[in-house]
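K.L.:
Sequence and predicted structure are below.
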Amino acid sequence: MLPKYTLPALAAAGFLFGVFQVVSSNQPAPVAQAAAEPATSPYATFIAGAGIVEAKSQNIAIGAPLAGLVKAVKVKVGDRVKLGDILFLIDDRAALAELAVREADLAKARAAVGEAEAGVKDAEVLQRLADAVQDRRAISTEELERRHNATLIARRKLDSARAEVLQAEAAVKASQTTLDLLRVAAPVDGEVLQVNVRPGEFAQAGPLSTPLMIVGNLDELHVRVDIDENDAWRFRPESKAVAYLRGNRRFQTDLALVWVEPYVVPKKSLTGDSTERVDTRVLQALYSFNRSKMPVYVGQQLDVFIEAPDFDRDSAPANASPLPPA
């Protein structure tokens, strides 16, 4: 038999344990230390925006004008290319066979021109002989007209043969153009940033969600900044701007405005922040910067701060237009 104080003691212990659990569970969770301190604006009033680094020529998505199997890939990531350098080849066997047929048709058409020229000469000789007869009783009027008509017919056949040569030459040029389209070349001087195609794969024609290749001119880098439409009215092209490297705010560089796209568009460049709005519209400004001061790669994000005048939101500024006069 249990002592009379056992049950009350157990009850008191359970009560105290419950109080301890409730109190400990209500304690605020410790805030995790940031892996890298976020950048802060050097300006008293500013516009903050996320910037995406891109090539000077913008990031050019390379596609295939004609669909087909990839025959060979001539470049790899990081290669420097010149305008017109071959990036990759699409299977051209069918196009080469068609070109051979077109060239044979052209040779046949040119031979037909020679035949038609000989026919014209023969008809003209017969016509001159008929015209040279002094005594009209020696040749009938009907025969004379027949020879004149034969000359006209021979000349028209020559014109038709020459037209067929032009048509055959156009067909050869069309086949050569098809061959050129199967050799995808670099549109600018630059660097291969990404390769998403390999020999033996089928290259779809037209725009793709994942481009076959990405090429860009990296002689100078640009940063494209998304300015929220709620702050667009505060933006001024002449304002100073600075960018910080995301992950290490000690790297920073001044920005120089290249241009502003005066057209507000839906936001596409997402930063992945849990508080980020994806249903907003943005004004896009493009800035250039000194690449040597910022160890960045194309596609990397920068924290951008643009100095903004301290306007009262309830009153319009004196110069209401954010863009310089044309």
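P.N.:
Yes, it's here.
K.L.:
what's the neighbour count on Leu283?
P.N.:
22 (other Cβ atoms under 10 Å). Glycine gets a C-beta too; all of them are placed from N, C-alpha and C.
K.L.:
Is it in a helix, a strand, or coil?
P.N.:
strand (DSSP: H, G, I helix; E, B strand; the rest coil).
K.L.:
In the beta-sheet assignment, what are the partners of it?
P.N.:
Beta-bridge pairing of Leu283 under DSSP bridges involves Ile227.
K.L.:
Just the pLDDT at it, thanks.
P.N.:
Per-residue confidence (pLDDT) for Leu283: 91.
K.L.:
Also Ser57?
P.N.:
88.
K.L.:
Phe311 too?
P.N.:
At Phe311, the model reports a pLDDT of 63.
K.L.:
swap in the one 5 residues further on?
P.N.:
The predicted local distance difference test score for Ala316 is 54.
K.L.:
I'd say Ala44 and Asp310 touch.
P.N.:
Yes: between Ala44 and Asp310 there is a contact under Cβ atoms under 8 Å: 7.2 Å.
K.L.:
Just the element for the residue nearest to Asp91 when sequence neighbours are not counted, please.
P.N.:
What sits nearest to Asp91 in space, not counting adjacent residues and going by Cβ to Cβ, 6 or more residues apart in numbering, is Leu69, at 4.4 Å. Element membership of Leu69 [criterion: DSSP states H and E] is strand 68-73.
K.L.:
Pull out the buried positions in that strand.
P.N.:
Gly68, Val70, Lys71, Val73 (16 or more other Cβ atoms under 10 Å).
K.L.:
can I get these in CSV with distance to Asp105 and pLDDT?
P.N.:
Compiled in CSV, these are given as follows (distance: Cβ to Cβ, whole Å; pLDDT from 0 to 100):
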residue, distance to Asp105, pLDDT
Gly68, 24, 94
Val70, 30, 95
Lys71, 26, 94
Val73, 34, 95
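K.L.:
between those residues, which is closest to Ala123?
P.N.:
Gly68 (50.0 Å; Cβ to Cβ).
K.L.:
Tell me how far the closest one lies from Gly206.
P.N.:
In this structure, Gly68 and Gly206 are 13 Å apart, going by Cβ to Cβ, to the nearest Å.
K.L.:
before we move on, what about Arg128?
P.N.:
For Arg128, the distance to Gly206 equals 62 Å [Cβ to Cβ].
K.L.:
Of these two, give the one with the bigger neighbour count.
P.N.:
Set Arg128 next to Gly206 and count neighbours by other Cβ under 10 Å: Arg128 wins out with 11 against 8.
K.L.:
And what about that one, helix, strand or coil?
P.N.:
Going by three-state DSSP: Arg128 is helix.
K.L.:
ok, now which ones touch it?
P.N.:
Contacts for Arg128 were tallied using Cβ atoms under 8 Å, 6 or more residues apart in numbering; there are none.
K.L.:
Renumber starting at 580 from here on
P.N.:
I'll keep to 580 as the first residue from here, and by that count the last item is Arg707.
K.L.:
which residues touch Asp658?
P.N.:
Glu770, Val771.
K.L.:
10 Å instead, please
P.N.:
Asp658 sits next to Asp664, Leu666, Ala765, Gly769, Glu770, Val771, Val774, Val794 when contact means Cβ atoms under 10 Å, 6 or more residues apart in numbering.
K.L.:
Ok, Arg734 next?
P.N.:
Residues in contact with Arg734 (Cβ under 10 Å, 6+ apart) are Ala695, Glu696, Gly698, Val699, Ala702, Glu703.
K.L.:
Shouldn't it be within a helix?
P.N.:
Yes: under three-state DSSP, Arg734 sits within a helix.
K.L.:
Check it and give its pLDDT.
P.N.:
The per-residue confidence score, pLDDT, reads 89 for Arg734.
K.L.:
Low-confidence stretches in the stretch 780-905 of the chain?
P.N.:
Scanning the stretch 780-905 of the chain for pLDDT under 70 picks out 848-858, 890-905.
K.L.:
any idea how the protein splits into domains?
P.N.:
625-635+799-886, 639-665+764-792, 672-760 (automatic domain parsing).
K.L.:
I'd like these laid out as CSV, including distance to Ser603.
P.N.:
Shown next, in CSV, are those (distance: least, Cβ to Cβ, whole Å):
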stretch, distance to Ser603
domain 625-635+799-886, 28
domain 639-665+764-792, 50
domain 672-760, 71
